[in-house]
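> Please work out how this folds:
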Amino acid sequence: MNPKVTVLIPVFNRAQFVDEAIRSVMEQDFADFEIVLADDGSTDATPRVLESWRQRDPRVVVVTSPVNRGIPAALNLGLAHARGKYIARLDSDDLMMPRRLAEEAALLDARPDVAVASCYFEVVDLEGRHVRIWRGDEPHEVTLLLLNFFNSVGGPQTMFRRDDVIAEGGYSLDCPVSEDYEMFVRLLRRGRLETLPFVGVRKRTHADQSILRWAGERRVIWSRVMRSSLEPYLMRPVCDEEIDALITVWRDDGIPGRAALADSVMREAFARFCAAVPDRALRVIARKKIAHRWFIAGRIFRSRGHPAEAAKYLARAARWLLTPR
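Residues are numbered from 1 along each chain as shown. This is a model prediction of the structure:
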């Protein structure tokens, strides 16, 4: 019989980490899974580590690309071999915590309206020391608003239905980074996000992460994904200047002079949100999240020697926080 869950792990030159990642899955308090490891043309000892696990446990499936094609292609290769009803994402340098598979699968079993099940993740350094906790537990409606500006869902801590991802055509090869962000924009048009209140993944931060390797291309990819989310939300075309202004607020690139345009687009999106969401409590949550982002961006401008620009950002943070709606 097919397993209920496929744990999908793309791998490229991760001999240092992938053994621990696999072991963390094997130690789950849930047995109805397989692990599909998509080796994206590794040239280090990774293939030997994967083969060792494949020989030890029949639940381990290893599929290999002869050349390195990038994370989206590796994910699609793994999806083509996945047999589980649900796909649980994990990165090859991260660790899965107890309860994650059992509780996310139970949520998807019980809630057909949920397209993406999630949980918290803890960011740690290479020595395992705590850096921060990502919760991503805003209500679904607020998450959809924030998704227009950044990846408000996360990535390696999520579980979703294989059939949904296949129906969407798999991961976009145009997104060598932020591939999870682009996929969530599509998946959350199919159903809701629900976040479980526990840490399900420990995510390592280090200098060889893919998002750092692709730093030069990130802005182009962010622009493409943001536009694919924002244009249907606003029901109009979005120009490059508007995207650039939003990236300045939400991605910390520190370019002065864009606050007014970014604020205008965000207020337009918030007006759409208010028209669709009558619940005042949700509006308060959304305003607080947006105000916090203006505050963070203002603090960054101040740290980079732009006190006048910082003052503009902090003033907008106050207006978002204090203006009733």
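
> what about the helices in the stretch 101-250 of the chain?
Along the stretch 101-250 of the chain, counting by DSSP state H, counting those that start in this stretch, helices occupy 140-146, 162-167, 179-187, 210-213, 218-234, 240-251.

> Please identify the most buried of those.
helix 179-187 (a mean of 23; mean count of other C-beta atoms under 10 Å). Yep, even glycine has a C-beta here, placed from its N, CA and C like the rest.

> quick revisit: which of the helices of the stretch 101-250 of the chain sits closest to T6?
Closest approach to T6 among those (C-beta to C-beta): helix 162-167, 6.9 Å.

> any chance you could map the strands in the stretch 1-150 of the chain?
Assigned by DSSP state E, counting those that start in this stretch, the strands in the stretch 1-150 of the chain fall at 5-11, 33-39, 60-64, 86-89, 95-96, 114-124, 130-134.

> no wait, the stretch 201-325 of the chain
Using DSSP E, counting those that start in this stretch, strands in the stretch 201-325 of the chain do not occur.

> In it, where is pLDDT below threshold?
208-216, 324-325 (pLDDT under 70).

> for R162, what are its contacts?
By C-beta atoms under 8 Å, 6 or more residues apart in numbering, the residues touching R162 are 6, 79, 82, 84-87.

> any idea how far the nearest residue to L145 once chain neighbours are set aside is from P139?
In this structure, L145 finds its nearest non-sequential neighbour in F273, 4.7 Å apart by C-beta to C-beta, 6 or more residues apart in numbering. Between F273 and P139 the computed distance is 11 Å (C-beta to C-beta, to the nearest Å).

> Most tightly packed of the strands of the stretch 1-150 of the chain?
strand 5-11 (a mean of 27).

> In terms of neighbours, single out the busier of F273 and P139.
The neighbour comparison of F273 against P139 (other C-beta atoms under 10 Å) goes to F273, with 21 against 18.

> before we move on, the earlier item: quick one: residues contacting the residue nearest to L145.
By C-beta under 8 Å, 6+ apart, F273 lies in contact with 141, 145, 283, 286.

> Any chance of those in JSON lines with distance to D32 as columns?
Listed next are the contacts of F273 as JSON lines, based on distance: C-beta to C-beta, whole Å:
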{"residue": "E141", "distance to D32": "32"}
{"residue": "L145", "distance to D32": "36"}
{"residue": "R283", "distance to D32": "41"}
{"residue": "A286", "distance to D32": "38"}
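
> which of those residues lies closest to M235?
M235 lies nearest to L145 out of the contacts of F273, by C-beta to C-beta, at 14.5 Å.

> you'd agree the closest one is up against A269?
Yes. Proximity of L145 to A269 meets the contact threshold set by C-beta atoms under 8 Å, at 6.4 Å.

> which residues do the two both contact?
Residues touching both L145 and A269 (C-beta under 8 Å, 6+ apart): Y233.

> Domain map for the chain?
5-213, 239-322 (automatic domain parsing).

> what's the closest of those domains to P232?
Short answer: domain 5-213, nearest of those by C-beta to C-beta, at 8.4 Å.

> just to revisit the earlier point, how about the domains of the chain, which one is nearest S228?
With C-beta to C-beta as the criterion, S228 lies closest to domain 5-213 of the domains of the chain, at 5.8 Å.

> tell me how far the closest one is from the chain's mean position?
Distance of domain 5-213 from its chain centroid, counting by C-alpha atoms, centre = their mean, to the nearest Å, is 9 Å.
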